[in-house]
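# Here is my input; please provide its structure:
(2 chains)
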Amino acid sequence: MQNIVTLQIDNHTVEVEKGTTVLEAARQIGVHIPSLCYMNLKDMCITNLPASCRVCVVEVEGRRNLAPACATRCEEGMKVHTSTLRVLNARRTVLELILSDHPHDCLICPKSGNCELQNLAATLKIHEIPFAGARNVLPIETSPSIVRDMSKCIYCRRCEMMCNEVQTVGALAAVNRGFVSTISPAFHENLADSECTFCGQCVAVCPVGALTEVDHTNRLLRDLNNPKKTVIVQTAPAVRAALGEEFGMKPGTSVTGKMVAALRQLGFQKVFDTDFAADLTIMEEGSELLDRLTRYLNGDKEVRLPILTSCCPAWVNFFEHQFPDLLDVPSTARSPQQMFGSIAKTYWAEKMGIPREDLIVVSIMPCLAKKYECAREEFSTNGDPDVNYSISTRELASLIKRANIDFETLPDEEFDQPLGESTGAGVIFGASGGVMEAALRTAYELYTGKTLDKVDFEETRGLQNIKRATIDLNGTKLNIGIAHGLGNARKLLNEIREGKSEFHAIEIMACPGGCIGGGGQPLHHGNSELLKARSRALYEEDKHKPLRKSHENPDIVRLYEEFLGKPLSEKAHHLLHTHYFKK
Amino acid sequence: MSEIKIPQNKIDQLLDICNEHGNQPGELINILHKAQHLFGYLPQEVQRIVARQLGIPVSKVYGVVTFYSFFTMTPKGEHPISVCMGTACYVRGAEKVLDEFRRILGINVGETTPDGKYSLSSLRCVGACGLAPVVLIGEKVYGRVVPGDVEKILKELE
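Next up is the predicted model:
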């Protein structure tokens, strides 16, 4: 076997494929060599390998110098030692040097308890820092979604890799030289003035407290304690598949009922579900797809196909910045978060007799771009936003802990009605391919007038970079594409720009795996097994829902009967659709 | 720094430079060299144009510009002043001369006065060590400069 090499790591004999790094080989046999800068996104075939932190150094027999395990390929007969005295001393010195240029305010750092550097310092039992050198002190910068505290940066460059290689956004780069170098947008601009989409993938992989989210929890606590305000909440589908992880539960544990119970205990007057608005999105976006498709089939040459989904605010920011010539291609449907806010502050508020100014709509989102989205001017009436603010899955977990709620022992509770009623189609919005599958379930039945034998469209599921399928709508062949990660989206957008796109409809989600891998979720650190587990939780929940098609949601049907008329009506256009801006 | 609007003919020349290098991202450094020769410095607008032509993020361009000390984002003054800080000049008091320029002009090394008249930089050895300490203003060399000469030199330039 030419492609297999045999080596020894700490006296274990290991056989690995040629090209495997010492670090990966060691992890395969349970020898966990510590690392900081290294990150391997196996499913996206991208590895962050600057070999810059040197925390993973090991001793290789016959070599004079210690070798970084992350960047050293296994060779036949190699003998590796991962914890000799020499290695431990070197690793300690490396860490002491990193810590000598890092603030020591761990107690009040937003990342405390979830920081790879802090954990490593604890593991290596570092209790003093012998190097009292200069510090790179930089101002803390805030934007609508992301806070950058670059004094805490350890130059692992994972954020730069996510921003450039995975997302191809290019907002972040290494700038300056030597000791004063840092990771920054061009010209040290604020992220808000750069091409940043606020996808938050930089936050999701930052090992330290350099990149964190804008925290709205204190604002929320004040609002919840204001007797003049009615505070209601909507929860995005992906949140229920990951929130449990913050309480030590197994990844992939669905905690919908407990989450509802916790939100009620926190003091929200109504606990509603963004899944309801996801069903509503399907009615509008699905109708728009069928409208464009029908016009196209009738020979209309002007019609813009493929239609692109528009639920993901980071994706919207991306095409506004990078593809301003294609602003008429995406669906005009607002995202579920914004549809919810719009309906809550009109239909529901009128029904309940609550004046708009006394109603506060909060969203719990797996996403940091949602913080930016709800602050967009076009989503407000007389300065009052449809969704007042958005908090992340992580922020919700922190609120639950602060309220002394024992999350694991909570009973399962149900969402409130009517904006809490949802179908399985709404639930799967949280995983890449889910919006397309939900749209297909409805589009098929509305277009053909037939009932689907099987509602599962398995070809839309999974973590492949780009998924393609052809769906037979009673003789009409519908070509669909699904991309997650903005780098994959860019490929499909370039095809459209060049007039080469084979698709009629494309779903795009900015984050790896879709919303389940969002920048507001428990940090995934590039671990795709975590994403797979979360996605399984959503499809499992869908499977057990009594209703699995958006157009069968009785409260959606009622909403159209009582208020909106029909999909794409004038009122629906006014409340549920938007337009895009060149940036 | 206020945004300076670049005239169209200069922009056209910049686009020509990018085209001559095939708009290749790998040619970034060569293009920046020529652009700096053309403009005297590399303002934001120039970097944005280069980024767009090469199809790379402007943050990358900025990263390269800030990495290499040859590139500058500050326009040179009408009278670029360079104080030699080579060994010979240094031991004969160049630092005090530099401090006097700083004091009178109110700018630091690498900066330009707000009226655009003077810019200040330091360099290492111009090969005139016999004249140490040496100050170079434009093409003219001033030798055996003492702090007391600085005011007089600047008066001459007015």
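
# Show residues contacting stretch A:456-476.
Under the criterion CB atoms under 8 Å, 6 or more residues apart in numbering or on different chains, residues A:43-44, A:293, A:297, A:431-434, A:436-437, A:440-441, A:443-444, A:447-448, A:450, A:477-485, A:488, A:491-492, A:503, A:507, A:512-513, A:528, A:531-532, A:535, A:539 lie in contact with stretch A:456-476. C-beta here means a position set from N, CA and C on the backbone, and glycine is covered the same way.

# Give me the domain ranges for the chain.
All of this refers to chain A. A:4-83, A:116-213, A:280-334+A:421-576 (automatic domain parsing).

# you looked at the wrong chain, it should be chain B
Split by automatic domain parsing, chain B gives B:8-67, B:79-157.

# Let me know how buried the closest residue to chain B within the stretch 201-350 of chain A is, in neighbour terms.
Taking CB to the nearest CB, chain B has its nearest neighbour within the stretch 201-350 of chain A at A:Q322, 10.1 Å off. Residues near A:Q322, counting by other CB atoms under 10 Å in any protein chain shown, number 19.

# now swap in A:P237 and tell me
A:P237 has 27 neighbouring residues, counting by other CB under 10 Å.

# Is chain A within reach of the helix or strand harbouring B:A35?
Assigned by DSSP states H and E, B:A35 falls within helix B:28-39. No. Figure legend: helix B:28-39 not in contact with chain A (CB under 8 Å from any CB of the partner chain); closest approach 12.3 Å.

# and that helix, how far out from the chain's middle?
13 Å (CA atoms, centre = their mean, to the nearest Å).

# Could you name the helices and strands sitting against that helix?
helix B:8-20, helix B:44-54, helix B:58-67 (3 or more CB pairs under 8 Å, 6 or more residues apart in numbering or on different chains; DSSP states H and E).

# Which of the domains of chain A sits closest to A:D412?
Nearest to A:D412 among those is domain A:280-334+A:421-576 (12.3 Å), distances taken as CB to CB.

# Give me the distance from that closest one to the chain's centre.
With CA atoms, centre = their mean, you get 16 Å for domain A:280-334+A:421-576.

# now stretch A:84-93
Using CA atoms, centre = their mean, the offset of stretch A:84-93 from its chain centre is 37 Å.

# Can you give the contact residues for that stretch?
In contact with stretch A:84-93 (CB under 8 Å, 6+ apart) are residues A:P34, A:R54, A:V55, A:V57, A:V58, A:E59, A:L66, A:H81, A:L124, A:I126.

# Please apply the same query to stretch A:572-582.
By CB under 8 Å, 6+ apart, stretch A:572-582 touches A:280, A:284, A:310, A:316, A:319-320, A:324, A:327, A:330, A:332-334, A:338-339, A:342-343, A:346, A:378-379, A:564-566.

# residues contacting the residue in chain A that chain B sits nearest to?
Closest residue of chain A to chain B, CB to the nearest CB: A:G170 (2.5 Å). A:G170 sits next to A:C163, A:N164, A:E195, B:I56, B:P57, B:V58, B:S59, B:K60 when contact means CB under 8 Å, 6+ apart.

# tell me the contacts of the fifth one?
The contact partners of B:P57, taken as CB under 8 Å, 6+ apart, are A:N164, A:V169, A:G170, A:A171, A:A173, A:A186, A:E195, B:A51.

# now the residues you listed: which count as buried?
Among the contacts of B:P57, those buried by neighbour count (16 or more other CB atoms under 10 Å in any protein chain shown) are A:N164, A:V169, A:G170, A:A171, A:A173, A:A186, A:E195, B:A51.

# Out of those, list just those in helices.
B:A51 (DSSP state H).

# The residue of the stretch 201-350 of chain A closest to chain B and A:N494 touch, don't they?
No. The criterion here is CB atoms under 8 Å, and A:Q322 misses it with A:N494 at 10.1 Å.

# Find the centremost residue of the chain, please.
You didn't pick a chain, so chain A it is. A:G518 (1.0 Å; CA atoms, centre = their mean).

# hm, I was asking about chain B
Judging by CA atoms, centre = their mean, chain B has its centre closest to B:K76, at 4.8 Å.

# Would you verify that it is located in a helix?
No. Counting by DSSP: H, G, I helix; E, B strand; the rest coil, B:K76 is not part of a helix but coil.

# Does it touch B:L120 like I think?
No. Contact status for B:K76 versus B:L120: not in contact, 10.0 Å apart, counting by CB under 8 Å.

# Now do the shared contacts for these two.
The contact sets of B:K76 and B:L120 overlap at B:T112 (CB under 8 Å, 6+ apart).

# picking that back up, can you list the contacts of A:G170 in CSV and add pLDDT and distance to B:L157?
Converted to CSV, these look like this (pLDDT from 0 to 100; distance: CB to CB, whole Å):
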residue, pLDDT, distance to B:L157
A:C163, 96, 47
A:N164, 95, 46
A:E195, 95, 43
B:I56, 96, 41
B:P57, 96, 41
B:V58, 97, 37
B:S59, 97, 39
B:K60, 96, 39
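
# Tabulate those in TSV, adding columns for distance to A:H574.
Below are these laid out as TSV (distance: CB to CB, whole Å):
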residue	distance to A:H574
A:C163	36
A:N164	39
A:E195	31
B:I56	41
B:P57	37
B:V58	38
B:S59	39
B:K60	42
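
# pretty sure B:D149 contacts B:P133?
No. At 10.2 Å, B:D149 does not count as touching B:P133 under the criterion of CB under 8 Å.

# quick one, which of those two is more surrounded?
The neighbour count for B:D149 versus B:P133, taken as other CB under 10 Å, is higher for B:P133 (27 against 14).

# Spit out the contact partners of A:N388.
The neighbourhood of A:N388, defined by CB under 8 Å, 6+ apart, consists of A:D223, A:I360, A:V361, A:V362, A:C374.

# so who does residue 66 touch?
Let's take chain A. Each residue near A:L66 by CB under 8 Å, 6+ apart is listed here: A:V57, A:V58, A:E59, A:R86, A:V87, A:A90.

# my question was about chain B
B:T66 neighbours (CB under 8 Å, 6+ apart): A:V175, A:N176, A:R177.

# excluding its backbone neighbours, what's nearest the last one?
Pointing back at A:R177 there. B:F67 (4.8 Å; CB to CB, 6 or more residues apart in numbering or on different chains).

# count of residues packed around that neighbour?
For B:F67, the neighbour count with other CB under 10 Å is 16.

# right, and it touches A:A173 too?
No. Using CB under 8 Å as the test, B:F67 is too far from A:A173 to be in contact (10.1 Å).

# Now list whatever residues contact both of the two.
Contacts common to B:F67 and A:A173, judged by CB under 8 Å, 6+ apart, are absent.

# ok, which residues in chain B are in contact with chain A?
So chain B meets chain A at B:44, B:47, B:56-63, B:66-69 (CB under 8 Å from any CB).

# try it again with 7 Å
Residues of chain B lying close to chain A by CB under 7 Å from any CB of the partner chain are B:Q44, B:P57, B:V58, B:S59, B:K60, B:Y62, B:G63, B:T66, B:F67.

# any idea which of the residues you listed is closest to chain A?
B:P57 (2.5 Å).

# Just checking, which helix or strand of the chain averages the lowest pLDDT?
Here I'm looking at chain A. The helix or strand of chain A with the lowest confidence, counting by mean pLDDT, DSSP states H and E, is strand A:46-48 at a mean of 76.

# switch to chain B, that's the one I care about
Using mean pLDDT, DSSP H and E, the lowest element in chain B is strand B:118-123, with a mean of 90.

# got a list of contacts for that one?
The contact list for strand B:118-123 (CB atoms under 7 Å, 6 or more residues apart in numbering or on different chains) reads B:76-77, B:79-85, B:98, B:101-102, B:105, B:107, B:109-112.
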